[in-house]
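> heads up, no residue letters with this:
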């Protein structure tokens, strides 16, 4: 085989493998980070007084309301993310919650992102934010309730 043919064959095979791995990858992201969101939100709601005091110490207005909203978003949004129901829709408030977490509790790493990018990616909200963005951009995958519903809709239309 010539180089071009070998290269095209290799690319084709890698594309096929990557396409095969998309759904398991998205499922793993949703299961792990949906559960982590649930646990984090449940922790906030279970310790609402302490969470409210922490939010107040950050200077957030209406700390109890914000603690409740953040906890509920993470808890129930995490469960929806976990099963893959309304995944893209629920990713939006989860992304917003993580952006607020960055700006309120980790402002110094946001401001210093160009000087110390390791601090930015090491901050607690980073992986939660990344997982939410991945689900928003790529969707939940076929191994989800959304994927199942979409598959049924296609069968009805066809």
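Perfect, I can see it now. A quick note: this is a predicted structure, and the numbers were derived from the prediction, not measured.

> what residues does stretch 108-123 touch?
Contacts of stretch 108-123 from elsewhere in the structure, counted by C-beta atoms under 8 Å, 6 or more residues apart in numbering, are 102-103, 106, 126. In this view, the C-beta of every residue, glycine as well, is placed from N, C-alpha and C.

> switch to 6 Å and redo it
102, 106 (C-beta atoms under 6 Å, 6 or more residues apart in numbering).

> that stretch: end-to-end distance?
10 Å (C-alpha to C-alpha, to the nearest Å).

> what do you get for stretch 40-57?
Using C-alpha to C-alpha, one end of stretch 40-57 lies 19 Å from the other.

> report the buried residues of it.
Neighbour-count burial for stretch 40-57, counted by 16 or more other C-beta atoms under 10 Å, picks out 40-42, 44-45, 51-52, 54-55.

> centre of the chain to it, how far?
Remark: stretch 40-57 is offset 21 Å from the chain centroid, using C-alpha atoms, centre = their mean, to the nearest Å.

> circling back: could the buried residues of stretch 40-57 be laid out in TSV, adding pLDDT, secondary structure and distance to residue 68?
As requested, the buried residues of stretch 40-57 are exported to TSV (pLDDT from 0 to 100; DSSP: H, G, I helix; E, B strand; the rest coil; distance: C-beta to C-beta, whole Å):
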residue	pLDDT	secondary structure	distance to residue 68
40	98	helix	14
41	98	helix	10
42	98	helix	13
44	98	helix	8
45	98	helix	7
51	97	helix	9
52	97	helix	8
54	97	helix	13
55	97	helix	10
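
> could I get the contacting residues of the residue most central in space within the chain?
For the chain, the residue sitting closest to the mean C-alpha position, by C-alpha atoms, centre = their mean, is residue 132 at 1.8 Å. Residues in contact with residue 132 (C-beta under 6 Å, 6+ apart) are 91, 94-95.

> any idea how far residue 88 is from it?
Distance of residue 132 to residue 88, computed by C-beta to C-beta, to the nearest Å: 10 Å.
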